[in-house]
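K.L.:
sequence and computational prediction follow.
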Amino acid sequence: MRKSKTMKRTLCLFLCFVLVASMDYYAMGDNGASQRKKILDIQNQNESLENKKDSAEKELEAINKKLDDFGKALMETTEKLRKKKKEIQANQKKLARAKKKEEKQYEDMKLRIQYMYENGDMQMIDLLFNSSSVSDMLSKAEYISHISEYDREMFQKLSDTRKEIEAIGRKLDAAKKKLENLKKKQKKSIAAMKNLSEKKEAEIKLYKGQLAQNHVDEKALINEIRSIIQKEQAEQKKNGTEDKMSTPHAWPLPGHTYLSSNWGDRAGRKAPHKGIDIPAPIGTPIVASGAGTVIWAYNSKSAGMFVGISHGGGVVTEYMHMMAFVVAPGDKVSAGQTIGYVGLTGNTTGPHLHFGVKVNGINVNPHMYVG
């Protein structure tokens, strides 16, 4: 994806050079110059829009990542709050039972204390007359004392338990309140992030819309330039001033004769090379090697921007990996006419032109037809 975007920007930057270069072959009037200026303005704007869009997409990715993190954190907080509420409910039930036990113990203790206090004298007389011995009497008196002490200890224990449960309850309530406040803050953060995400998506949509419209405008301008070229060619042909090539097939990349890969080369290939590769800077004009008719011009996954020209007699020349072409199927071209520009499209590791020749559908050595 990144490579594709880089290639697009590279194509945009060199398109202006492409159209200027075409003037070397065709003396276009003011209309052509005006259109080239408009394309240059569009390409400059596209470069800025692409950079802004890329930056906005990165920001959106970061925002959505934070939004996802906030969402997960909110889910965790919500789950913790649910568990905390459940703990509070359990503690409240426990506290209610503890209070009930404490109250019952307190009421029982009060009754026993009151009874012992009100009947203290009679109890002592009973101890004296009903005891079989002094030791029996002391034992019964000690039992009465133990009952009172038991009540006091039990009540204190129950009271301490209640206080402990109440302390736990206060801590649980504080923890619950803290979680509720955290949940509110997280919801606010998520709402703010969603709002920011929506704004960023709208911004990206705007950039894409502007780029799409620029693409339409750019294509229309290129078609206008193509029309100007065709009209001027027709005029030159009518006046007998068209460029006549001394040989039927000219070199397709004037000024660049070095071959990075020749016909039949197998270096790094599974099959013999079916053409010649001529390296040149992106944007270098590519010319038709001979007069003929354009039979295809399209974007191939492997060949990139790809043009084929029929020269009659079963001879077809092929031009691959262009950054752009300025001809369309059915166009009549003359030898030396600019048909496109060196690029980096399709399966290629560097800017170059792959030039091939077919005779009756069979690839032949291009050197048989060009220098």
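P.N.:
Thanks, I have it.
K.L.:
helices and strands around the helix or strand harbouring residue 169, which ones?
P.N.:
Assigned by DSSP states H and E, residue 169 belongs to helix 134-239. Packing partners of helix 134-239 (3 or more Cβ pairs under 8 Å, 6 or more residues apart in numbering; DSSP states H and E): helix 2-22, helix 30-118, helix 120-130. C-beta here means a position set from N, CA and C on the backbone, and glycine is covered the same way.
K.L.:
that one to helix 30-118, inter-axis angle?
P.N.:
Angle of helix 134-239 versus helix 30-118, following axes from the mean of the first three to the mean of the last three Cα atoms, to 10 degrees, is 170 degrees.
K.L.:
tell me the secondary structure for residue 278?
P.N.:
What DSSP: H, G, I helix; E, B strand; the rest coil gives for residue 278 is strand.
K.L.:
how close does residue 297 sit to residue 103?
P.N.:
97 Å (Cβ to Cβ, to the nearest Å).
K.L.:
please apply the same query to residue 216.
P.N.:
From residue 216 to residue 103 the distance is 85 Å (Cβ to Cβ).
K.L.:
cool, residue 90 as well?
P.N.:
Per Cβ to Cβ, residue 90 is found 21 Å from residue 103.
K.L.:
please apply the same query to residue 324.
P.N.:
Applying Cβ to Cβ, the value for residue 324 to residue 103 is 93 Å.
K.L.:
who's more crowded, those two?
P.N.:
In terms of neighbours (other Cβ atoms under 10 Å), residue 324 is the more surrounded of residue 324 and residue 103; the figures are 18 against 12.
K.L.:
assumed that one was part of a helix.
P.N.:
No: read with three-state DSSP, residue 324 is strand and lies in no helix.
K.L.:
beta-bridge partners for the closest residue to it other than its chain neighbours, please?
P.N.:
Once flanking residues are discounted, residue 324 sits nearest to residue 341: 5.6 Å by Cβ to Cβ, 6 or more residues apart in numbering. Listed beta-bridge partners, residue 341: residue 285, residue 324 (assigned using DSSP bridges).
K.L.:
got a pLDDT number for residue 341?
P.N.:
Residue 341 is assigned a predicted lDDT (pLDDT) of 91.
K.L.:
just checking, it touches residue 321?
P.N.:
No: Residue 341 is beyond contact range of residue 321, at 10.4 Å (criterion: Cβ atoms under 8 Å).
K.L.:
still on that earlier bit, select from the helices and strands packed on helix 134-239 the stretch with the lowest mean pLDDT.
P.N.:
helix 2-22 (a mean of 43).
K.L.:
look up how far residue 90 lies from the most centrally placed residue in the chain.
P.N.:
Central residue check for the chain by Cα atoms, centre = their mean: the C-alpha nearest the mean position is that of residue 61, 5.1 Å away. To residue 90, residue 61 is 44 Å away according to Cβ to Cβ.
K.L.:
same question for residue 158.
P.N.:
Distance from residue 158 to residue 90, counting by Cβ to Cβ: 19 Å.
K.L.:
more neighbours: which of these two?
P.N.:
Each of residue 158 and residue 90 has its neighbours counted (other Cβ under 10 Å); residue 158 has more, 19 against 11.
K.L.:
ok, now which ones touch that one?
P.N.:
Residue 158 makes contact with 98, 101, 102, 105, according to Cβ atoms under 8 Å, 6 or more residues apart in numbering.
K.L.:
for the residue nearest to it when sequence neighbours are not counted, what are its contacts?
P.N.:
Closest residue to residue 158 apart from its sequence neighbours, by Cβ to Cβ, 6+ apart: residue 102 at 4.0 Å. Residues near residue 102 by Cβ under 8 Å, 6+ apart: 155, 158, 159, 161, 162.
K.L.:
how about JSON lines for those residues, with pLDDT added?
P.N.:
Listed next are the contacts of residue 102 as JSON lines, based on pLDDT from 0 to 100:
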{"residue": "155", "pLDDT": "68"}
{"residue": "158", "pLDDT": "78"}
{"residue": "159", "pLDDT": "79"}
{"residue": "161", "pLDDT": "83"}
{"residue": "162", "pLDDT": "80"}
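K.L.:
measure the nearest residue to residue 169 once chain neighbours are set aside to residue 165 for me?
P.N.:
Closest residue to residue 169 apart from its sequence neighbours, by Cβ to Cβ, 6+ apart: residue 91 at 5.2 Å. According to Cβ to Cβ, residue 91 and residue 165 sit 6 Å apart.
K.L.:
do residue 51 as well
P.N.:
Taken as Cβ to Cβ, the span from residue 51 to residue 165 is 64 Å.
K.L.:
the more surrounded of these two?
P.N.:
residue 165 (17 against 12).
K.L.:
quick one: secondary structure of the closest residue to residue 301 other than its chain neighbours?
P.N.:
Nearest residue to residue 301, sequence neighbours excluded (Cβ to Cβ, 6+ apart): residue 346, at 6.8 Å. Assigned by three-state DSSP, the conformation of residue 346 is coil.
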